[in-house]
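[1] Output the structure for:
(one chain, ligands or ions: 2)
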Amino acid sequence: MTDTNDGAEDGDGDADAPGADSVALDPWGSSTVSDYRKLFDEFGIESFEDVIDDVPNPHFLMRRAIIFGHRDYRRVAAAMRNGEPFAALSGFMPTGDPHIGHKMVFDELVWHQQQGADTYALIADLEAHAARGLTWDEIDDHAEDYLLSLLALGFDADEGTLYRQSANRELQDLAFELGVEANFSELEAIYGFDGETDVSHMQSVVTQMADILYPQLDEPKPTVIPVGPDQDPHMRLARDVAERTRFFKVTEAYASVAFDDDERPLVAAAYDARGEYADDPDRPRCTEAADYLREADDVTAPYGGDVVESVVEKLENAGMEPLRPRIRFFDRQATDEAFEALIDEVRGEKRVFEGHVDAFEIDREAAEDLALAVEVDHGGYGFVPPSSIYHRFMTGLTGGKMSSSVPASHISLLDDPAEGYDKVKAATTGGRETAELQRELGGEPDKCPVYELYAYLLAGDDDEFAQRVYDECAGGDRLCGDCKEQAADLMAEFLEDHQEKREQAREVLDGLDVELDSRRSRV
Ligand code: TRP
Ligand code: SF4
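    Ligands and ions are numbered 1, 2, ... in the order given. Sure, this is the predicted structure:
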């Protein structure tokens, strides 16, 4: 989560393990993200801008592009639009006071809950103990503070679920099962773990995989995990592991021979061009397609030489077999009964092979739904790949990173309102050296931590207000002294109100079934 901002200062040394440096996104490291665009190219995170129009009633963090990226959020937005079940979950490592960075995630959870999500928040106490070395007493104190702030910000505990990792038996059973699908080499590659890494630290990883899939234990459903981009390695692993538990793999195929993912688009292109080369365009032959591809340089140009060669060879070997699109269900790890049931349920023309069945009259989406239904019917999890959304990290008030070990750099949700006021007044700005210069050139709100406070928090849902601050600053009509005064007042107001609500939330928390005293040994 925003704990990337907290830096390695809190770490127990695992983050400094050799090899960790080569990991660009390190959930326990101190990496700051300087270039968000890079995350799109390097890791395949998609821009949130591309999906925001699918969201019925986007949150202000989405509208202001503070939530900048996502994985697979489309399926969550679709469920939201169609009134279908979906879930949201995030987790918090209780390593210090909850601060305004965490508030963003609390807000994201509360908002998803208000949009109809089955919503979960968890205290990652196993992770805090294993990866950050906190004692159970420290963890208990902080856990309560996170929950109180979440409740104060509007989380409905009657509708949603709160848990701590260590007290959730079902979660740990799931973690154990998921651990079957991941091995050490993978953790080494993803997190830079090595021979010195604590076993419990590794266990905290499978626990997080279980957290991410936990909302689907009752019933598979689209699930969004709002986090900072430092948590993306966990998302990638969770999505992989979830897929590995599935009974069937559904792919598109064109002939009895199997084409790889990178080969399939070329075969599809050859199929689409069948009118150009097939004796009978209703029955293009594999060998005809092979001959065609050998000559069709413009079609093969975007593909690597290896891919082209391999596709041509496979088509050649298939000879007179017709090239014909179909949906292929691979039996990945289904029980015999489940595979039989799937075969039975496939409507229309089908062909059954040793480890797969080809269906000629159903589309991809119907096939996915069928595979999932049969899996769930036969005792499988049927996990839908979990989605994520990523928010930008707030800049520290002193410039640089926001770090919980540098009190002046952040505002804790527990800070005295007067202290919050002072911290804002003392913050670095994007202002010019003198008032004259500021009037002449305008300030630089894009480089200003105070402007961020407005955009991320103080302006709340009021876009017009946030925009006005921006324009006035950039236009030279706003000077930093007054601007900070206004922000400081708003911050003090917010803290006062929030802390009042925290007190009211105590009663709610007392009535909940969340373990606040871990009663563990004092190590
Ligand atoms: N690893 C997260 C952090 O460092 C906490 C966490 C644990 C979490 N389980 C999670 C976050 C599941 C999102 C989803 O803050
Ligand atoms: Fe930042 Fe406000 Fe100064 Fe602009 S006027 S640089 S937003 S403090």
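[2] Residue 37: neighbour count?
    Residue 37: 11 surrounding residues under other C-beta atoms under 10 Å. Just so you know, the C-beta spots here come from the backbone N, C-alpha and C atoms, and that holds for glycine as well.
[3] my bad, residue 391
    Neighbour tally, residue 391, other C-beta under 10 Å: 25.
[4] Then residue 438?
    Around residue 438 there are 21 other residues, counting by other C-beta under 10 Å.
[5] Is it correct that it is in contact with residue 482?
    No - under the criterion of C-beta atoms under 8 Å, residue 438 is not in contact with residue 482, lying 11.1 Å apart.
[6] Tell me the residues on the stretch 101-250 of the chain that lie near ligand 1, please.
    Applying C-beta under 6 Å from any ligand atom, one finds that the stretch 101-250 of the chain approaches ligand 1 through 122, 124, 127, 208, 211-212, 225, 227, 231.
[7] Tell me which two in those are the farthest apart.
    Checked with C-beta to C-beta, these reach their widest spread between 127 and 225, with 14.6 Å between them.
[8] tell me the mean pLDDT over stretch 83-101?
    For stretch 83-101, the mean pLDDT works out to 96.
[9] Please give the centre-to-centre distance between that stretch and its chain.
    Shown here is stretch 83-101, whose average C-alpha point lies 12 Å from the average C-alpha point of the whole chain (C-alpha atoms, centre = their mean, to the nearest Å).
[10] repeat for stretch 57-72
    Here the centre of mass of C-alpha atoms in stretch 57-72, compared against the chain's by C-alpha atoms, centre = their mean, lies 12 Å away.
[11] measure that stretch end to end?
    The separation between the terminal residues of stretch 57-72, taken as C-alpha to C-alpha, to the nearest Å, is 18 Å.
[12] touching ligand 1 at all, it?
    No - contact between stretch 57-72 and ligand 1 is absent, the nearest approach being 13.0 Å (criterion: C-beta under 6 Å from any ligand atom).
[13] Just the residues contacting that stretch, thanks.
    Contact partners of stretch 57-72, identified using C-beta atoms under 8 Å, 6 or more residues apart in numbering, comprise 36, 39-40, 44-49, 51-52, 55, 104, 107-108, 111, 115, 226, 229, 232, 235, 239, 385-392, 455-456, 459-461, 463, 466.
[14] For residue 338, which non-adjacent residue is spatially closest?
    Once flanking residues are discounted, residue 338 sits nearest to residue 378: 3.9 Å by C-beta to C-beta, 6 or more residues apart in numbering.
[15] got the contact list for that neighbour?
    Remark: with contacts taken as C-beta under 8 Å, 6+ apart, residue 378 is in contact with 247, 334-335, 337-338, 341.
[16] Now do it against ligand 2, distance only.
    When C-beta to the nearest ligand atom, to the nearest Å is applied, the distance between residue 378 and ligand 2 equals 59 Å.
[17] per-residue confidence for that residue?
    According to the model's per-residue confidence, residue 378 sits at a pLDDT of 97.
[18] Check residue 405 too.
    The per-residue pLDDT reported for residue 405 equals 77.
[19] Quick one: residues contacting residue 446.
    Shown in contact with residue 446 (C-beta under 8 Å, 6+ apart): residue 430.
[20] Same check on residue 289?
    Taking C-beta under 8 Å, 6+ apart, one finds 267, 270-271, 274, 277, 315, 323 in contact with residue 289.
[21] Which stretches in the stretch 1-150 of the chain count as helices?
    Taking DSSP state H, counting those that start in this stretch, the helices of the stretch 1-150 of the chain run over residues 36-43, 60-63, 73-82, 100-114, 125-132, 136-152.
[22] in the stretch 151-300 of the chain, which spans are helices?
    According to DSSP H, counting those that start in this stretch, the stretch 151-300 of the chain carries its helices in the segments 169-179, 184-191, 199-213, 232-244, 264-272, 274-277, 286-295, 297-300.
[23] hang on, I meant the stretch 301-450 of the chain
    Secondary structure of the stretch 301-450 of the chain (DSSP H, counting those that start in this stretch): helices at 305-318, 336-345, 364-377, 417-425, 435-441, 449-453.
[24] which residues does the nearest residue to residue 229 once chain neighbours are set aside form a beta bridge with?
    Leaving aside its sequence neighbours, residue 229 sits nearest to residue 390 (C-beta to C-beta, 6+ apart; 4.5 Å). Per DSSP bridges, the residues bridged to residue 390 are residue 69, residue 227.
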